[in-house]
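[1] give me the fold of what follows.
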Amino acid sequence: MVAVEVIKEEYPLHWYVWHNEASKLEELLQEKLNDIEKKDNRGRTPLMLAVTLGHFDSVKLLLKYDANVNCENSDGWTVVQEAVAYGDPEILHMVVEKRDFQRYTNRMAGIPELLQRLKQAPDFYVEMKWEFTSWVPLVSRMCPSDTYKVYKKGSNVRIDTTLLGFDHTSWQRGNRSYVFQGHNDGATMMEIDHEARQVYCEQMKTPPDTMSTIPAEENICHRFASPIVTTYVDTDKISFERNKAGMWGWRSDKTENINGYECKVFSATNVELITKTRTEHMSEKDKSKLKNNKSPLQNFLGITEVEQTTTSNLPKIDYHRNGHECLSPEDYFDPKYQLNTIDIGRPRELSTKVQKFKATLWLSESYPLSLPEQILPIVDLMAISSSHFAKLRNFIQMQLPSGFPVKIEIPLFHVLNARITFGNIFGMDREIPYVTRIEEEDRLSCILEDNIFQCPAGYTQLVGSESRRQFSMEEEDELLQFAIQQSLIEAGTEKEEVDIWEALKAQRPSRPATPNIAEEERQLQRAIQASLAIYNHSSAESETNSPDLDPDLDMALRLSEEEQKQLEQQRQQEEQMLEKILALSLMEK
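    All right, here's what the predicted structure looks like:
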C-alpha cells in the first residue's frame, strides 16, 4: 500500500480529484506547476479520473483549464464514453461541448501546418479507384465504385468525388470537389458542388474561447439509450508474408502487373478487428430492445463472429455518490495492487467481439510516389477530423514491407471487401485537364495549373456556412458502429447524401444535406435483406414463374441458402454437444 504523502507528491491533481476537493484543485491549476495531462498508474488523466468517478465540480474545473477531452484511458475508452457510462447528463453535456470545441480548434490549427508540410513534397496527381465486392446474392450488383482524384501543388490540395449516396433503390451520383489552400498565415477550405454551382468557403483560424455549441438534448438522450462501442485493429499480432505462385516444388515469389508497375504480392495475416461494447448505462428496457433486435442476418454478415461477455464483480452500490468506496486511494494508486475485476466507477457490462481476416498488398519498388512524403500528409489531413483515418494512419505507419502500396484489398465485413487501386499517376494513362505530364529519362512528374484550386467562374460563394457545419458535426465511433448494427433491423428516415471522401472518414453528416456512412450502411443492408426476401418468396411459388432468372445468379442464391442451412445445423450441433458436456460434468460431481 502506497503512503498518502507519496500519492500527493506523485499525483497531486489526481489526489484532489479523487476526494473532489474543488478549492484545493483550483489552487494547483492556477499555479500551473503540475501537468494537467499526466496519467496515473492506471492510465487515467485527472479529467478521465474525475469523469469516471462522476465528480461534477472537478470535471467543471478541469474543463475550465482546458484539460484534453480527446484522450483515452488504458482500455481505449474516451472521456465522452466514460461520461456516458457514468450516466450523469450534466457531466456529459459539459464534456461533449468541450470535446467539439477542442476538435474544431485542433482542426483549425492543424490543417495549415499539414499544408505547409505538403509544400515541401513534389507536386503530383493520382487517382484512387475504390471497388466494393461481395459474394452475397445481388449485393455485388449493388456495390458502388468510385474514382477519387487527388491533386497536389505546393501547399494546395484538391480531392474530387462522384459518389454522393444511396436513395432506397439506387446510388446517387454527383460531382463534388474539396479544396485546401495553404497560406503563410493560415489556410482556406472550399467544398465545391459543381452541379449546384455553389462553393462553401471556410477560413482556417482558431476560434475565440467564447465560441461554443451546446449539444442537442436528443443527442444526449440517444447516447444514454445506445451501447458504447469502440472498434480498433489489433496490430500486435499482424505479420506480412510474401505470396507464392507456381506448382508445389516449383513455387516462387508472386508478382503481378498493376497499372503498368510490377508489384510484389503480400498477405497480412493475424489481422483482428476488435469491437468492445458496454451497456451498463442503459435501462433494462433499452437493453431488452437491443437484445430483441438481434437478427440472424447479423451473424450471416459476420458482424459477430467471436463473442466473449464479461461483467464486473463490483458490488451493486449507489455509484452516483459512492462509485469508488470499494477501492481505497492507497490501493488504487499502488502499482503493485492488482485490481482484477474491481475498479472505480460504475460496474461494467462489457462484451468483446473479434473478427479475423486477411489483407492483401501489392507493393511496387518503382512507383513514382512517396508514401511518407506525399500520401501520409494527406492521410494526416483527413485524420484531424476522423478517428478512422487516424487508425488508418497508425496502420500504414507500421513496419510495412518496402515499396508503395499500388493496390490494397481489405474486407469490411466477411461478405464485403474493399479494393483500392492507385492509377493514372501524373495523368500518364489518360489526359487530365490542367495537368501536364513530364517524362524524363530517369523520372516522371507533372505540372498543375493554379486554377485547379480556385473557385470556378460563375459559382455562388457561401462564406461562413462551412464553419458552422464543421463545428456541429458528430463523429463518435460508437454512434457509427451502433448505426451499422441497427441497420439490419430498421430503415433510416433521413435522406442524406454521402460522398466517398466522407464515407472513408466514416463521419455523420457534415450538413443537413451531406453524407452519412451509417445511413449508407443501413440502406445497403436493408436492400440485402429485401433481395433475399424477394428471392425466397418467388422461389416458393414456382421456378416457372421466373423464366428470366440468370442461371449464375440462381446458382449463387442456392449456394448461399445451402451454406446458411449448414451454418445453422453446425450451430445446433455445437449447442447439443455443449449440453451433453454440461450434463456429464454435473454427473461427475
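[2] mind checking which helix or strand of this structure has the lowest mean pLDDT?
    helix 500-505 (a mean of 36; mean pLDDT, DSSP states H and E).
[3] output the below-cut-off pLDDT ranges for the stretch 201-350 of the chain.
    Within the stretch 201-350 of the chain, the segments meeting pLDDT under 70 span 205-213, 293-325.
[4] at 50 instead, please
    Low-confidence segments of the stretch 201-350 of the chain (pLDDT under 50): 295-323.
[5] show me where it has its strands.
    Remark: strands assigned in the stretch 201-350 of the chain by DSSP state E, counting those that start in this stretch are 228-234, 239-242, 244-245, 252-253, 255-258, 261-278, 306-311, 349-364.
[6] dump those strands into a markdown table; add mean neighbour count and distance to E441 as well.
    Placement of C-beta: from N, CA and C, glycine included. A markdown table is the format used below for these (neighbours: other Cβ atoms under 10 Å; distance: least, Cβ to Cβ, whole Å):
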| stretch | mean neighbour count | distance to E441 |
| --- | --- | --- |
| strand 228-234 | 20 | 42 |
| strand 239-242 | 13 | 31 |
| strand 244-245 | 12 | 32 |
| strand 252-253 | 10 | 29 |
| strand 255-258 | 15 | 22 |
| strand 261-278 | 18 | 18 |
| strand 306-311 | 11 | 55 |
| strand 349-364 | 18 | 19 |
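[7] any chance of those in CSV, with distance to V59 too?
    Output for those, formatted as CSV (distance: least, Cβ to Cβ, whole Å):
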stretch, distance to V59
strand 228-234, 18
strand 239-242, 43
strand 244-245, 56
strand 252-253, 56
strand 255-258, 52
strand 261-278, 20
strand 306-311, 27
strand 349-364, 23
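[8] which element, helix or strand, includes E191?
    Take DSSP states H and E as the rule and E191 turns out to sit in strand 186-193.
[9] list the neighbouring strands of that strand plus their orientation.
    Using DSSP bridges, strand 186-193 pairs in its sheet with strand 170-183 (antiparallel), strand 198-204 (antiparallel).
[10] between those, which one is nearest to L49?
    Nearest to L49, of all these, is strand 198-204, at 33.7 Å by Cβ to Cβ.
[11] give me the neighbour count for the closest residue to D286 other than its chain neighbours.
    Of all residues beyond its chain neighbours, the one nearest D286 is A225 (4.8 Å), with distances taken as Cβ to Cβ, 6 or more residues apart in numbering. Burial of A225 is recorded as 16 neighbouring residues (other Cβ atoms under 10 Å).
[12] figure out which of the strands of the stretch 201-350 of the chain is closest to V463.
    Smallest distance to V463 across these (Cβ to Cβ): 36.9 Å, for strand 228-234.
[13] output the contacting helices and strands for that closest one.
    In terms of contacts (3 or more Cβ pairs under 8 Å, 6 or more residues apart in numbering; DSSP states H and E), strand 228-234 is packed against helix 79-86, strand 261-278, helix 387-396, helix 477-486.
[14] next SSE after the first one?
    Think helix 79-86. Scanning forward in sequence from helix 79-86 by DSSP H and E, the next helix or strand is helix 89-119.
[15] mean confidence for that next one?
    Averaged across helix 89-119, pLDDT comes to 86.
[16] show me what counts as buried in it.
    Buried positions in helix 89-119, judged by neighbour count with 16 or more other Cβ atoms under 10 Å: 91-105, 107-108, 110-112, 114-118.
[17] ok, now how distant is the residue nearest to D286 from G423?
    Remark: distance between A225 and G423 (Cβ to Cβ, to the nearest Å) = 45 Å.
[18] cool, and E37?
    43 Å.
[19] more neighbours: these two, which one.
    G423 (18 against 12).
[20] in the sheet, who's paired with that one?
    Taking DSSP bridges as the rule, G423 bridges to E127.
[21] from N340, how far off is it?
    Going from G423 to N340 by Cβ to Cβ gives 53 Å.
[22] can you check N106 too?
    Taking Cβ to Cβ, one finds N106 at 37 Å from N340.
[23] how about A216?
    The value you get for A216 to N340, if Cβ to Cβ is used, is 39 Å.
[24] more neighbours: which of those two?
    Each of A216 and N340 has its neighbours counted (other Cβ under 10 Å); A216 has more, 12 against 8.
[25] who touches G76 in this structure?
    230, 232, 276 (Cβ atoms under 8 Å, 6 or more residues apart in numbering).
[26] could you do L371 as well?
    Shown in contact with L371 (Cβ under 8 Å, 6+ apart): 396, 404-405.
[27] PyMOL command to pick out the buried ones of the residues you listed?
    Only the buried entries of those go into this PyMOL selection, using 16+ other Cβ under 10 Å:
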select buried, resi 404+405
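[28] and L327, what does it touch?
    Contacts of L327 were listed using Cβ under 8 Å, 6+ apart, and they are 339, 342-344.
[29] got a winner among those for most neighbours?
    The most crowded member of the contacts of L327, judged by other Cβ under 10 Å, is I344 (21 neighbours).
[30] what is the neighbour count of Y16?
    Other residues close to Y16 by other Cβ under 10 Å number 24.
[31] contacts for the helix or strand hosting it, please.
    Assigned by DSSP H and E, Y16 belongs to helix 12-18. Helix 12-18 is contacted by residues 7-8, 24-25, 28-29, 34, 36, 38, 40, 44, 46, 49-50, 53, 55, 58, 62, 324, 329, 332-333 when judged by Cβ under 8 Å, 6+ apart.
[32] go with 6 Å
    Applying Cβ atoms under 6 Å, 6 or more residues apart in numbering, the contact partners of helix 12-18 are 7-8, 24-25, 28, 34, 40, 46, 49-50, 58, 329.
[33] could you chop this structure up by domain?
    Split into domains by automatic domain parsing, the chain comes to 4-107, 554-589.
[34] which ones are touching I452?
    151, 158, 434.
[35] 10 Å instead?
    125, 151-153, 156, 158, 160, 177, 179, 432-435 (Cβ atoms under 10 Å, 6 or more residues apart in numbering).
[36] list the contacts of S370.
    Shown in contact with S370 (Cβ under 10 Å, 6+ apart): 121-122, 124, 376, 404.
[37] so which of those are in strands?
    Here DSSP state E is the test, and the contacts of S370 give 124, 404 as lying in strands.
[38] just the buried members of the contacts of S370?
    121, 124, 376, 404.
[39] doesn't E280 make contact with Q81?
    No - between Q81 and E280 no contact is recorded; they are 11.6 Å apart, counting by Cβ atoms under 10 Å.
[40] so what sits against both of these two?
    Taking Cβ under 10 Å, 6+ apart as the criterion, Q81 and E280 both touch I228.
[41] more crowded one of those two?
    Q81 (25 against 21).
[42] nearest residue to that one other than its sequence neighbours?
    I228 (4.9 Å).
[43] quick one: closest of the strands of the stretch 201-350 of the chain to L567.
    Smallest distance to L567 across those (Cβ to Cβ): 14.6 Å, for strand 306-311.
[44] quick revisit: make CSV out of the buried ones among the contacts of S370 and add distance to T460.
    Formatted as CSV, those follow (distance: Cβ to Cβ, whole Å):
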residue, distance to T460
A121, 33
F124, 31
L376, 35
F404, 40
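[45] need the worst-confidence member of these.
    Among the buried ones among the contacts of S370, pLDDT bottoms out at L376, giving 83.
[46] ok, that one - contacts?
    Contacts of L376 (Cβ under 10 Å, 6+ apart): 114, 117-118, 121, 370, 383, 393, 396-397.
[47] of all these, which comes closest to D253?
    I396 (22.3 Å).
[48] I36 contacts S58, correct?
    No - here I36 lies out of contact with S58, judged by Cβ under 10 Å, at a distance of 11.9 Å.
[49] which neighbours do the two share?
    Listed contacts common to I36 and S58 are 13, 46-47; contacts here mean Cβ under 10 Å, 6+ apart.
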